[in-house]
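Chemist: Okay, here's the prediction I keep looking at, along with the sequence it came from:
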Amino acid sequence: PSVGVFIDGVFRSRSAAALSDLNMVQRIEVLNGPQSTLFGKNASAGVISVVTKEPQFEFGGLVEASYGNYNALVLRGEVTGPVTENIAFSLDGSYNRRDGYAQIVNLNEDLSDRNRWSARGQLLIEATPDFKIRMIADYGKIDEVCCQVSTLVAGPTAPAVFAVGGALDTDFFSYNTFLSQVPRNTVDNYGGSIQADWNIGNLTMTSITAYRELKNFLDQDVDFTSADVVTETRDQEVKTFTQELRIASDFDGPLNFLLGGFYFDESISQDSRLTTGPDARPFFGLLAGGPTVFNGVEAALGLPQGAIFSAGPLTAEQFSMDNTSWSVFGTVDFEPIDGLVFTAG
């Protein structure tokens, strides 16, 4: 994406890995415009950088709870403290659930619910006043019935839906829908990172190493009616490794600089399938001209009767992709007088 999302300095390449419940957020930076000279992964339209709290050397914690309509329950908590005089830890987690606010009328099931949790552990090692290491490991899980879809126009295929016993709702702003099955959406998002910062006089060297995995599965009715015509299953796995190195100066003089390098390695695998249900053959037969139109086609082609659009696997797609990139980036600031800065990147 043209806007890069970074969480604690780690690039999140997929929206499902970037948009998750986060505890202990210290600040969120919205950086406008091209950032490719400051962030090694190209971000031609800007960066959203989320920074969370580091572990503290004073023991403490917090718990937050809220309750709302549709039995919405959100729990968050953190505990932090010292392990030794040079090592601190923190553990935090969240739980977020809510009943669905929409309704699958024909199945009498809720839709668009919330059911997710996350956990994270951190270690902060301050070996010397000038050298520290921050290690983070996290896991997040989503298992929800997603998502409400409304029909704006009942088009020319609607009579065929009704003819095979299907139903749909054309009240676009209602929370009612008709589906042949309850949709399922799960996301497993986990990984870890190690950041090391070393101050050498007026220079700071930083290394951020991260590895993440994302597993995304969905199984849903894609004709969005109660007729059992077509369903889709998609199983995706993404593995990402990133390494960033940079050095930055903090001189009193008019010149300061940032120089860095970034390495990105991602592999994606996906298995997608479309499956036809028992209403597929009569539905497509009506669209093709009549309920028996496929019988003549099968006879002409020497196919078994009932073969075309029979219930079962329709299409299958398996693919994988590897993406490797690297970059060198940097900026120089020149401040000839107080308040006037020229920047080249």
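Modeler: Cool, the structure landed.
Chemist: ok, residue 51 - contacts?
Modeler: Contact analysis of residue 51 by CB atoms under 8 Å, 6 or more residues apart in numbering lists 8, 25-29. Where C-beta positions appear, they are placed from N, C-alpha and C, glycine not excepted.
Chemist: Just the buried residues of those.
Modeler: Applying 16 or more other CB atoms under 10 Å to those, the neighbour count classes residue 8 as buried.
Chemist: Turn the contacts of residue 51 into a markdown table, columns for secondary structure, distance to residue 218 and pLDDT.
Modeler: Output for the contacts of residue 51, formatted as a markdown table (DSSP: H, G, I helix; E, B strand; the rest coil; distance: CB to CB, whole Å; pLDDT from 0 to 100):
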| residue | secondary structure | distance to residue 218 | pLDDT |
| --- | --- | --- | --- |
| 8 | coil | 28 | 94 |
| 25 | strand | 28 | 90 |
| 26 | strand | 33 | 92 |
| 27 | strand | 33 | 95 |
| 28 | strand | 29 | 94 |
| 29 | strand | 32 | 93 |
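Chemist: Which of the contacts of residue 51 sits closest to residue 154?
Modeler: Closest approach between these and residue 154, by CB to CB: residue 28, at 42.8 Å.
Chemist: Pull up the gap between the closest one and residue 49, please.
Modeler: Shown here: residue 28 relative to residue 49, a distance of 7 Å by CB to CB, to the nearest Å.
Chemist: Angles on the backbone of the residue lying closest to residue 173 once chain neighbours are set aside, please.
Modeler: In this structure, residue 173 finds its nearest non-sequential neighbour in residue 150, 7.3 Å apart by CB to CB, 6 or more residues apart in numbering. The phi/psi pair for residue 150 (degrees, to the nearest 10) reads phi -110, psi 150.
Chemist: which residues touch residue 230?
Modeler: Contacts of residue 230 by CB under 8 Å, 6+ apart are 221-223, 274-277, 280, 314.
Chemist: Tell me who's in contact with residue 214.
Modeler: Here residue 214 is in contact with 14, 16-17, 187-189, 236-238, 240 (CB under 8 Å, 6+ apart).
Chemist: so it is in which element?
Modeler: Using DSSP states H and E, the element containing residue 214 is strand 203-221.
Chemist: Return the set of buried residues in that strand.
Modeler: Under the neighbour-count criterion of 16+ other CB under 10 Å, strand 203-221 has 204, 208-212, 214-221 buried.
Chemist: with the contacts of residue 51 in mind, which one is nearest to residue 293?
Modeler: Checking those against residue 293 with CB to CB, the nearest one is residue 28 at 58.0 Å.
Chemist: what ranges do the helices span in the stretch 201-345 of the chain?
Modeler: If DSSP state H, counting those that start in this stretch is used as the criterion, the helices of the stretch 201-345 of the chain fall at 280-288, 293-301.
Chemist: Deepest in the core, which of those helices is it.
Modeler: helix 280-288 (a mean of 19; mean count of other CB atoms under 10 Å).
Chemist: any idea how far the residue nearest to residue 173 is from residue 168?
Modeler: 10 Å.
Chemist: And residue 62, by the same measure?
Modeler: Distance from residue 62 to residue 168, counting by CB to CB: 47 Å.
Chemist: Who has more neighbours out of the two?
Modeler: Between residue 62 and residue 168, counted using other CB atoms under 10 Å, residue 168 has the larger neighbour count: 20 against 12.
Chemist: Pull the contacting residues for the more buried one.
Modeler: Contact analysis of residue 168 by CB under 8 Å, 6+ apart lists 151, 154, 158, 161, 178, 224-226.
Chemist: Return the distance of the lowest-mean-pLDDT helix or strand in the chain from the chain's centre.
Modeler: The helix or strand of the chain with the lowest confidence, counting by mean pLDDT, DSSP states H and E, is helix 15-18 at a mean of 80. Taking CA atoms, centre = their mean, to the nearest Å, the mean C-alpha location of helix 15-18 is offset from the chain mean by 2 Å.
Chemist: List the buried residues for that helix?
Modeler: By 16+ other CB under 10 Å, the buried positions in helix 15-18 come out as 16-18.
Chemist: What strands line up against the longest strand along the chain, and which way round?
Modeler: Using DSSP state E to define each element, the chain has its longest strand at strand 312-337. Sheet pairing of strand 312-337 (DSSP bridges) gives strand 255-276 (antiparallel), strand 340-344 (antiparallel).
Chemist: Just the buried positions in that strand, please.
Modeler: Quick answer for strand 312-337 (16+ other CB under 10 Å): 314, 327, 329-330, 333.
Chemist: Also stretch 143-154?
Modeler: Buried residues in stretch 143-154 (16+ other CB under 10 Å): 144-146, 148, 150-151.
Chemist: average pLDDT across it?
Modeler: Stretch 143-154 comes out with an average pLDDT of 90.
Chemist: All set, thanks.
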